[in-house]
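Enquirer: Show me how the following folds:
(chains A and B)
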Amino acid sequence: MNGDDDRVFRALADPTRRHLLDRLFERDGRTLTELESKLEMTRFGVMKHLRVLEEAGLVVARRSGREKLHYLNPVPIRLIHDRWIDKYTERRVSALAELKTELEEPA
Amino acid sequence: MTTMTATATQVYQVFIKATPEAIWDAITKPEFTQRYFYGSRADYELRPGGALRSYAGDSDTLLVDGEFVEVDAPRKLVHTWRALYDPDLAAEEPSRVTWEIEPQDGGFSKLTVVHDRLEGAPKTAESVSGEGWMMVLSGMKTLLETGEPLASA
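Expert: Numbering: from 1, shown residues only, chains lettered A, B, ... in the order given. Below you'll find the predicted structure:
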(Lines give C-alpha, C1' and ligand atoms only; values in the text may rest on other atoms or scores of the structure.)
Protein backbone atom coordinates (compact mmCIF):
# COMPACT_ATOMS: atom_id res chain seq x y z
CA MET A 1 0.00 0.00 0.00
CA ASN A 2 1.23 3.48 -0.76
CA GLY A 3 0.67 4.81 2.74
CA ASP A 4 2.40 1.76 4.19
CA ASP A 5 5.89 3.21 4.40
CA ASP A 6 4.50 6.37 6.03
CA ARG A 7 2.83 4.28 8.70
CA VAL A 8 5.96 2.20 9.28
CA PHE A 9 8.22 5.24 9.65
CA ARG A 10 5.71 7.03 11.88
CA ALA A 11 5.40 3.93 14.06
CA LEU A 12 9.20 3.66 14.36
CA ALA A 13 9.63 7.36 15.17
CA ASP A 14 8.93 6.82 18.86
CA PRO A 15 11.27 5.36 21.51
CA THR A 16 8.48 3.55 23.40
CA ARG A 17 7.33 1.80 20.25
CA ARG A 18 10.89 0.83 19.33
CA HIS A 19 11.28 -0.51 22.88
CA LEU A 20 8.14 -2.63 22.43
CA LEU A 21 9.58 -4.05 19.19
CA ASP A 22 12.87 -4.76 21.00
CA ARG A 23 10.97 -6.71 23.66
CA LEU A 24 9.24 -8.78 20.98
CA PHE A 25 12.53 -9.28 19.16
CA GLU A 26 14.00 -10.73 22.38
CA ARG A 27 11.04 -13.02 22.79
CA ASP A 28 8.04 -13.15 20.51
CA GLY A 29 4.39 -13.80 21.36
CA ARG A 30 3.88 -11.67 24.50
CA THR A 31 0.73 -10.49 26.25
CA LEU A 32 -0.07 -6.84 26.92
CA THR A 33 0.58 -7.47 30.63
CA GLU A 34 4.12 -8.71 29.91
CA LEU A 35 4.81 -5.81 27.55
CA GLU A 36 3.67 -3.12 29.97
CA SER A 37 5.64 -4.58 32.89
CA LYS A 38 8.87 -2.71 32.15
CA LEU A 39 7.28 0.55 31.05
CA GLU A 40 6.47 3.55 33.22
CA MET A 41 3.19 3.97 31.46
CA THR A 42 -0.50 3.20 31.92
CA ARG A 43 -1.95 0.08 30.36
CA PHE A 44 -4.01 2.34 28.13
CA GLY A 45 -0.87 4.16 26.94
CA VAL A 46 0.83 0.88 26.01
CA MET A 47 -2.33 -0.26 24.20
CA LYS A 48 -2.28 2.92 22.15
CA HIS A 49 1.32 2.36 21.11
CA LEU A 50 0.60 -1.28 20.24
CA ARG A 51 -2.32 -0.13 18.12
CA VAL A 52 -0.02 2.16 16.08
CA LEU A 53 2.43 -0.73 15.62
CA GLU A 54 -0.42 -3.03 14.54
CA GLU A 55 -1.72 -0.48 12.04
CA ALA A 56 1.77 -0.24 10.55
CA GLY A 57 1.85 -4.04 10.31
CA LEU A 58 4.91 -4.25 12.57
CA VAL A 59 3.01 -6.14 15.25
CA VAL A 60 0.39 -8.81 14.67
CA ALA A 61 -1.93 -9.82 17.53
CA ARG A 62 -3.26 -13.37 17.61
CA ARG A 63 -5.64 -15.04 20.03
CA SER A 64 -4.32 -18.10 21.81
CA GLY A 65 -7.02 -19.50 24.07
CA ARG A 66 -7.90 -16.66 26.45
CA GLU A 67 -4.77 -14.67 25.75
CA LYS A 68 -4.01 -12.14 23.08
CA LEU A 69 -0.38 -12.56 22.05
CA HIS A 70 1.66 -9.97 20.16
CA TYR A 71 4.15 -10.97 17.48
CA LEU A 72 6.81 -8.93 15.75
CA ASN A 73 6.19 -8.92 11.99
CA PRO A 74 9.45 -8.02 10.23
CA VAL A 75 8.02 -8.08 6.68
CA PRO A 76 7.34 -4.28 6.39
CA ILE A 77 10.98 -3.60 7.32
CA ARG A 78 12.10 -6.17 4.77
CA LEU A 79 10.05 -4.34 2.11
CA ILE A 80 11.82 -1.08 2.96
CA HIS A 81 15.12 -2.95 2.65
CA ASP A 82 14.09 -4.30 -0.77
CA ARG A 83 13.21 -0.82 -1.94
CA TRP A 84 16.54 0.87 -1.23
CA ILE A 85 19.19 -1.55 -0.11
CA ASP A 86 18.74 -4.72 -2.09
CA LYS A 87 20.43 -3.52 -5.27
CA TYR A 88 23.49 -2.40 -3.30
CA THR A 89 23.75 -5.77 -1.57
CA GLU A 90 23.68 -7.45 -4.93
CA ARG A 91 26.39 -5.18 -6.27
CA ARG A 92 28.59 -5.93 -3.25
CA VAL A 93 28.04 -9.63 -3.70
CA SER A 94 29.00 -9.49 -7.36
CA ALA A 95 32.03 -7.30 -6.56
CA LEU A 96 33.19 -9.94 -4.06
CA ALA A 97 32.60 -12.67 -6.61
CA GLU A 98 34.74 -10.78 -9.14
CA LEU A 99 37.47 -10.26 -6.56
CA LYS A 100 37.45 -13.97 -5.80
CA THR A 101 37.76 -14.84 -9.48
CA GLU A 102 40.58 -12.37 -9.85
CA LEU A 103 42.47 -13.63 -6.81
CA GLU A 104 42.03 -17.26 -7.73
CA GLU A 105 43.16 -16.80 -11.31
CA PRO A 106 46.60 -18.28 -11.78
CA ALA A 107 49.17 -15.54 -12.27
CA MET B 1 24.69 -8.70 16.10
CA THR B 2 21.98 -10.22 18.25
CA THR B 3 19.77 -12.63 16.43
CA MET B 4 16.09 -13.20 17.02
CA THR B 5 15.44 -16.22 19.17
CA ALA B 6 13.49 -18.49 16.89
CA THR B 7 10.25 -19.12 18.74
CA ALA B 8 7.82 -22.00 18.51
CA THR B 9 5.20 -19.74 16.91
CA GLN B 10 6.16 -17.31 14.18
CA VAL B 11 3.78 -14.83 12.56
CA TYR B 12 4.33 -12.99 9.29
CA GLN B 13 1.95 -10.63 7.56
CA VAL B 14 1.93 -8.69 4.30
CA PHE B 15 -0.55 -6.57 2.35
CA ILE B 16 -0.62 -7.41 -1.35
CA LYS B 17 -2.48 -5.56 -4.10
CA ALA B 18 -4.14 -8.67 -5.48
CA THR B 19 -7.37 -10.62 -5.08
CA PRO B 20 -7.56 -13.50 -2.58
CA GLU B 21 -7.91 -15.84 -5.58
CA ALA B 22 -4.64 -14.60 -7.12
CA ILE B 23 -2.85 -15.07 -3.78
CA TRP B 24 -4.33 -18.56 -3.43
CA ASP B 25 -2.95 -19.45 -6.86
CA ALA B 26 0.44 -18.00 -5.94
CA ILE B 27 0.54 -20.22 -2.83
CA THR B 28 -0.63 -23.41 -4.48
CA LYS B 29 0.48 -23.47 -8.14
CA PRO B 30 3.97 -24.51 -9.23
CA GLU B 31 4.23 -21.90 -12.01
CA PHE B 32 4.06 -19.29 -9.22
CA THR B 33 5.98 -20.98 -6.41
CA GLN B 34 8.97 -21.52 -8.71
CA ARG B 35 9.23 -17.76 -9.11
CA TYR B 36 9.27 -16.67 -5.46
CA PHE B 37 9.53 -19.68 -3.10
CA TYR B 38 13.25 -20.44 -3.39
CA GLY B 39 12.57 -21.87 -6.84
CA SER B 40 10.50 -24.69 -5.35
CA ARG B 41 7.88 -26.50 -7.41
CA ALA B 42 4.59 -27.07 -5.56
CA ASP B 43 2.84 -30.39 -6.06
CA TYR B 44 -0.16 -30.12 -3.77
CA GLU B 45 -3.17 -32.41 -3.31
CA LEU B 46 -5.52 -29.69 -2.09
CA ARG B 47 -7.87 -31.62 0.18
CA PRO B 48 -7.74 -32.47 3.89
CA GLY B 49 -5.41 -35.43 4.24
CA GLY B 50 -3.84 -34.70 0.83
CA ALA B 51 -0.08 -34.61 0.40
CA LEU B 52 2.04 -31.49 0.13
CA ARG B 53 5.23 -31.97 -1.85
CA SER B 54 7.62 -29.22 -2.73
CA TYR B 55 10.44 -30.09 -5.14
CA ALA B 56 13.69 -28.32 -5.94
CA GLY B 57 13.01 -26.71 -9.32
CA ASP B 58 12.38 -29.30 -12.03
CA SER B 59 14.17 -32.06 -10.15
CA ASP B 60 12.55 -34.80 -8.09
CA THR B 61 14.45 -33.75 -4.97
CA LEU B 62 11.96 -33.08 -2.18
CA LEU B 63 12.58 -29.86 -0.22
CA VAL B 64 9.50 -29.96 2.00
CA ASP B 65 6.67 -32.39 2.52
CA GLY B 66 3.54 -32.34 4.64
CA GLU B 67 -0.16 -33.07 4.80
CA PHE B 68 -3.09 -30.71 4.30
CA VAL B 69 -5.27 -30.25 7.37
CA GLU B 70 -7.69 -27.57 6.17
CA VAL B 71 -8.36 -26.36 2.62
CA ASP B 72 -10.77 -23.44 2.29
CA ALA B 73 -10.06 -21.65 -1.01
CA PRO B 74 -9.33 -18.75 -1.22
CA ARG B 75 -9.31 -17.97 2.50
CA LYS B 76 -7.44 -20.50 4.58
CA LEU B 77 -4.92 -23.26 4.06
CA VAL B 78 -3.43 -25.34 6.87
CA HIS B 79 -0.77 -28.00 6.42
CA THR B 80 1.99 -29.75 8.28
CA TRP B 81 5.59 -28.97 7.33
CA ARG B 82 8.64 -31.17 7.35
CA ALA B 83 11.79 -29.56 5.96
CA LEU B 84 13.85 -32.09 4.02
CA TYR B 85 16.49 -29.76 2.56
CA ASP B 86 18.83 -30.51 5.44
CA PRO B 87 19.20 -33.87 7.25
CA ASP B 88 19.22 -32.15 10.67
CA LEU B 89 15.87 -30.52 9.92
CA ALA B 90 14.40 -33.67 8.38
CA ALA B 91 15.05 -35.52 11.65
CA GLU B 92 12.86 -33.08 13.61
CA GLU B 93 9.14 -33.36 14.29
CA PRO B 94 6.71 -31.93 11.71
CA SER B 95 5.45 -28.40 12.41
CA ARG B 96 2.38 -26.57 11.08
CA VAL B 97 1.82 -23.71 8.63
CA THR B 98 -1.43 -21.70 8.40
CA TRP B 99 -2.09 -19.30 5.51
CA GLU B 100 -4.93 -16.80 5.99
CA ILE B 101 -6.10 -14.45 3.23
CA GLU B 102 -8.46 -11.57 4.04
CA PRO B 103 -9.75 -9.11 1.42
CA GLN B 104 -9.15 -5.42 2.26
CA ASP B 105 -10.23 -2.08 0.79
CA GLY B 106 -8.70 -0.76 -2.40
CA GLY B 107 -8.03 -4.11 -4.08
CA PHE B 108 -5.63 -5.26 -1.36
CA SER B 109 -5.58 -8.54 0.50
CA LYS B 110 -3.97 -9.27 3.84
CA LEU B 111 -1.92 -12.44 3.89
CA THR B 112 -0.93 -13.87 7.27
CA VAL B 113 1.38 -16.86 7.64
CA VAL B 114 1.59 -18.54 11.03
CA HIS B 115 4.27 -21.19 11.39
CA ASP B 116 3.69 -22.91 14.73
CA ARG B 117 4.05 -26.19 16.61
CA LEU B 118 7.78 -25.71 16.22
CA GLU B 119 8.52 -26.91 19.79
CA GLY B 120 9.83 -30.21 18.47
CA ALA B 121 11.70 -28.59 15.59
CA PRO B 122 14.06 -25.90 16.94
CA LYS B 123 16.44 -26.08 13.97
CA THR B 124 13.55 -25.78 11.53
CA ALA B 125 12.30 -22.78 13.56
CA GLU B 126 15.68 -21.13 13.16
CA SER B 127 15.87 -21.96 9.47
CA VAL B 128 12.49 -20.43 8.59
CA SER B 129 12.84 -17.36 10.84
CA GLY B 130 14.42 -14.11 9.78
CA GLU B 131 15.13 -14.28 6.06
CA GLY B 132 13.18 -17.53 5.58
CA TRP B 133 9.52 -16.59 5.43
CA MET B 134 10.29 -12.92 4.85
CA MET B 135 11.91 -13.63 1.49
CA VAL B 136 8.92 -15.78 0.52
CA LEU B 137 6.36 -13.10 1.38
CA SER B 138 8.24 -10.12 -0.03
CA GLY B 139 8.95 -12.20 -3.16
CA MET B 140 5.28 -13.12 -3.55
CA LYS B 141 4.23 -9.48 -3.12
CA THR B 142 6.70 -8.31 -5.76
CA LEU B 143 5.66 -11.05 -8.16
CA LEU B 144 1.93 -10.40 -7.81
CA GLU B 145 2.21 -6.61 -7.92
CA THR B 146 4.78 -6.27 -10.70
CA GLY B 147 4.74 -9.62 -12.49
CA GLU B 148 8.49 -9.89 -11.87
CA PRO B 149 10.32 -12.04 -9.35
CA LEU B 150 12.57 -10.23 -6.84
CA ALA B 151 15.97 -9.59 -8.39
CA SER B 152 17.78 -11.32 -5.56
CA ALA B 153 15.35 -14.24 -5.15
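
Enquirer: Leaving out chain neighbours, which residue sits closest to the residue in chain A positioned nearest to chain B?
Expert: Residue of chain A nearest chain B, by Cβ to the nearest Cβ: residue A:71 (3.8 Å). In short, each C-beta sits where N, CA and C put it, glycine included. With Cβ to Cβ, 6 or more residues apart in numbering or on different chains as the criterion, residue A:71 has its nearest non-adjacent residue at 3.8 Å, and that residue is residue B:11.

Enquirer: and the one you found, how many neighbours?
Expert: Neighbour count for residue B:11, taken as other Cβ atoms under 10 Å in any protein chain shown: 24.

Enquirer: Confirm for me that it is in contact with residue A:60.
Expert: Yes: in this structure, residue B:11 sits in contact with residue A:60. The criterion is Cβ atoms under 8 Å, and the distance is 4.8 Å.

Enquirer: shared neighbours of the two, anything?
Expert: Shared contacts of residue B:11 and residue A:60, defined by Cβ atoms under 8 Å, 6 or more residues apart in numbering or on different chains, comprise A:71, A:73, B:112.

Enquirer: What ranges does chain B have for its strands?
Expert: With DSSP state E, the ranges of strands along chain B come out as B:10-16, B:40-44, B:51-56, B:62-72, B:76-83, B:95-103, B:109-116.

Enquirer: from those strands, which stretch is densest packed?
Expert: Among the strands of chain B, the stretch with the highest mean neighbour count (mean count of other Cβ atoms under 10 Å in any protein chain shown) is strand B:10-16, at a mean of 23.

Enquirer: and that one with strand B:95-103, angle?
Expert: Here the directions of strand B:10-16 and strand B:95-103 differ by 30 degrees (axes from the mean of the first three to the mean of the last three Cα atoms, to 10 degrees).

Enquirer: okay, the strands of chain B in JSON lines with mean pLDDT next?
Expert: Below are the strands of chain B laid out as JSON lines (pLDDT from 0 to 100):
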{"stretch": "strand B:10-16", "mean pLDDT": "95"}
{"stretch": "strand B:40-44", "mean pLDDT": "94"}
{"stretch": "strand B:51-56", "mean pLDDT": "96"}
{"stretch": "strand B:62-72", "mean pLDDT": "97"}
{"stretch": "strand B:76-83", "mean pLDDT": "97"}
{"stretch": "strand B:95-103", "mean pLDDT": "97"}
{"stretch": "strand B:109-116", "mean pLDDT": "96"}
